[in-house]
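**Student:** Give the three-dimensional model of this entry:
(one chain, ligands or ions: 1)
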Amino acid sequence: MRSLSRRHFLEDASKTGIALGANLAFGGHIFGQSPAANAGQPIRIYADSRRTLAPIHPEVFGSFLEHLGRAIYEGIYDPQSKLSDANGFRKDVLEEIKKLGVPLIRYPGGNFVSGYNWLDGIGPKASRPAVLDKAWNSINSNEFGTDEFLAWCRLVGTEPLLGLNLGTGTAEQAAALVEYCNLEKGTRWSDLRRKNGISEPYKVQKWCLGNEMDGPWQIGHMTAAEYGLKAADAARQMRYADPSLKLVACGSSGPGMPTYLEWDREVLEQCYDYVDAISLHRYFTNAEETGGDSSKFLAMNLSMERQIDEVAAVCDMVRGHKRSPKKLWLSFDEWNVWYRARSGDAMNGHRQSAPHLLEEVYNLEDALLVGGLINSLIRKAERVQLACLAQLVNVIAPIMTNPNGLLRQTIYYPYSWALEFARGSALELLVESSTYDVPGMGAVSYVDAAGTYQADTGKIALFLLNRDLAKPHQVEIVWEGSSPRAGDARVLTGSDLKATNTFEAPSRVVPQKAEKASGTPSRSSFELPPRSYTVVEWSL
Ligand code: AHR
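**Tutor:** Okay, the predicted model is just below:
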């Protein structure tokens, strides 16, 4: 076990109570404080397609692939597999991700990126070195590198978000990679790309300036001031190569960090003028943070919203210091549930290629919280313009592979609904919900709601989490201004919060068709089962 792991900080956070008091009224106006006082009352949601919060940037439902465990090797790339194409790309995985419509994918890390030399992963495969990756104590054959990833992205139809090594790497090497990817020809690095057989530049727009540099576990960990200066230097050099880049500075790894927010402030004091956004990361547990209390666990998305508000406040404070006209947006580029498969933290001798690391098995309650987290990202669409479900394949992932095919874990479903339905603008819903008391958090709404509206198609979607573990709740939707037609509804629910999908039983936790809303066009209602996440469509 590393002396200072991510887990260490999570445990610390739970001891000190950091990040647990959330803006509990979020997700709706709350009436009543005690469950007894308002139990049985219908939950009412007032919606109006004219009342929107902000456009939803499609990149807010991005994902992440790191050179970690079996994400790349045996995940998306497996030249030995009968399921792969001539490039070695797993065809079934590629098709699945394409079908899902993942708009953006972060690569190559994560912790991995802080020790990665991108030059090892380009050029003829036979001359690429096998390298010991010290972030995860694994062997990287380097058979899959930048060019393979960018070719794969094109096939999938997704946008790359490339991470840069600001741990062992230099600002000069970061700018060289931009030159390799984005310049047409006539320079050392663009000509190297052409020599490697890629004549057209990739024009990669979005880049992460390092990863979790505040973490003592990070290769090249440094102080906020040191990192802020290095990020500014890298950004300046990168923009000489391509001024159109969108750059994300590395923010605090989460509210459990002792330097939380202070890190972000110091970093931005150094590099505010050179970047467009700052990153946030968060992994939720139904252990340290909740003591295993599932009703508290299902409220943890509210603490994600508090984190967003706090980091945005720091950005705006630095903006004020600098009298800057520029407002930073937020990149929540790692979020998920993750607490069981922590073996990657340990120096446990898995020095091999594609070890089984972080193969978290997700259950129903994890999927319900992922639904809640999606609701929070919708509600925070104005500020969070990019986010990545961490990760996508085999490593804390909705999609798992084995030699014969793939498996959709429980969290796949709420994520796929976000990709399919959460388009257009976020709706400003007014929610009246009964509440329950969560230790350390106060009154939390039983029903958490978010909505989206696409003005061009007239489509509306409502996303509803029923946190009540025992009871269904009747929900009444009151349409104001217009009366859309109720469409289909799907629900993810079950009697066992701990139920999982496996290769042997892949359909234990899958969506079911839910009953259609009934009533008048302006007031319709339906029932949300206990322990459920529902998406309902309407059209104008
Ligand atoms: O996603 C797994 C790891 O979690 C990433 O490598 C790191 O950035 C974070 O700590």
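**Student:** Pop out the phi and psi values for the closest residue to Ser483 other than its chain neighbours.
**Tutor:** Nearest residue to Ser483 in three dimensions, chain neighbours excluded: Pro521, at 3.6 Å (C-beta to C-beta, 6 or more residues apart in numbering). C-beta coordinates here come from the backbone N, C-alpha and C atoms, glycine included. Phi and psi for Pro521, reported as degrees, to the nearest 10, are phi -60, psi -30.
**Student:** mind listing what Pro521 touches?
**Tutor:** Residues in contact with Pro521 (C-beta atoms under 8 Å, 6 or more residues apart in numbering) are Trp479, Ser483, Pro484, Arg485.
**Student:** run the last query once more with 10 Å
**Tutor:** Trp479, Ser482, Ser483, Pro484, Arg485, Ala486, Trp538 (C-beta atoms under 10 Å, 6 or more residues apart in numbering).
**Student:** now, the most widely separated pair of those?
**Tutor:** Ser482 and Ala486 (13.2 Å; C-beta to C-beta).
**Student:** Would you mind listing the residues touching both of the two?
**Tutor:** With C-beta under 10 Å, 6+ apart as the test, Ser482 and Ala486 both reach Ile460, Pro521, Trp538.
**Student:** filter those residues down to the ones close to the ligand.
**Tutor:** When C-beta under 6 Å from any ligand atom is applied, no member of these is adjacent to the ligand.
**Student:** Name the nearest of those residues relative to the ligand.
**Tutor:** Ile460 (33.6 Å; C-beta to the nearest ligand atom).
**Student:** Apart from its neighbours in sequence, what residue is nearest the closest one?
**Tutor:** That would be Trp538: by C-beta to C-beta, 6+ apart, it lies 4.2 Å from Ile460.
**Student:** Give me every residue in the stretch 251-400 of the chain lying close to the ligand.
**Tutor:** Within the stretch 251-400 of the chain, the positions near the ligand by C-beta under 6 Å from any ligand atom are Glu334, Ala390, Gln391.
**Student:** what's near enough to touch the closest residue to the ligand within the chain?
**Tutor:** Among the residues of the chain, Gly110 lies closest to the ligand, at 2.9 Å counting by C-beta to the nearest ligand atom. When contacts are counted by C-beta under 10 Å, 6+ apart, Gly110 touches 64-68, 71, 116, 135-136, 163, 208, 211-212, 333-334, 390-391, 395.
**Student:** Roughly how far does it sit from Ser84?
**Tutor:** 24 Å (C-beta to C-beta, to the nearest Å).
**Student:** just Val318 next, same as before
**Tutor:** The value you get for Val318 to Ser84, if C-beta to C-beta is used, is 47 Å.
**Student:** Repeat that for Arg467.
**Tutor:** When Arg467 is compared with Ser84 (using C-beta to C-beta), they lie 42 Å apart.
**Student:** Ok, Tyr260 next?
**Tutor:** Relative to Ser84, Tyr260 is positioned 43 Å away (C-beta to C-beta).
**Student:** If you count surrounding residues, which of these two has more?
**Tutor:** Tyr260 (22 against 18; other C-beta atoms under 10 Å).
**Student:** The more buried one is in contact with Glu266, isn't it?
**Tutor:** No. Taking C-beta atoms under 10 Å as the definition, Tyr260 is not a contact partner of Glu266, at 11.9 Å.
**Student:** any residues in contact with both of the two?
**Tutor:** Asp214, Val314.
**Student:** ok, and for stretch 421-435, which residues are buried?
**Tutor:** Neighbour-count burial for stretch 421-435, counted by 16 or more other C-beta atoms under 10 Å, picks out 421-427, 429-435.
**Student:** Let's see which of the residues you listed end up in strands.
**Tutor:** Ser425, Ala426, Leu427, Leu430, Val431, Glu432, Ser433, Thr435 (DSSP state E).
**Student:** so, if you compare those residues, which one comes nearest to Pro79?
**Tutor:** Ala426 (42.4 Å).
**Student:** residue ranges of the strands in the stretch 251-400 of the chain, please?
**Tutor:** 277-284, 329-337, 384-389, 399-402 (DSSP state E, counting those that start in this stretch).
**Student:** and the last one, which residues are buried?
**Tutor:** With burial defined by 16+ other C-beta under 10 Å, the residues of strand 399-402 counted as buried are Ile399, Met400, Thr401.
**Student:** What helices and strands are in contact with the helix or strand following that strand?
**Tutor:** For strand 399-402, the following helix or strand on the C-terminal side (DSSP states H and E) is strand 405-408. Other elements packing on strand 405-408 under the criterion 3 or more C-beta pairs under 10 Å, 6 or more residues apart in numbering; DSSP states H and E are helix 91-100, strand 399-402, helix 412-421.
**Student:** In the stretch 1-150 of the chain, where is pLDDT below threshold?
**Tutor:** 1-40 (pLDDT under 70).
**Student:** near the ligand, which residues of it?
**Tutor:** Of all the residues in the stretch 1-150 of the chain, those lying near the ligand are Arg6, Glu66, Gly109, Gly110, Asn111, going by C-beta under 6 Å from any ligand atom.
**Student:** Secondary structure added to these, as TSV?
**Tutor:** Putting these into TSV (DSSP: H, G, I helix; E, B strand; the rest coil) gives the following:
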residue	secondary structure
Arg6	helix
Glu66	coil
Gly109	coil
Gly110	coil
Asn111	helix
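**Student:** and of those residues, the nearest to Leu245?
**Tutor:** Gly109 (18.9 Å).
**Student:** how near is the closest residue to the closest one other than its chain neighbours to Asn111?
**Tutor:** The shortest distance from Gly109 to any non-neighbouring residue, by C-beta to C-beta, 6+ apart, is to Glu66 (4.5 Å). Counting by C-beta to C-beta, the gap from Glu66 to Asn111 is 8 Å.
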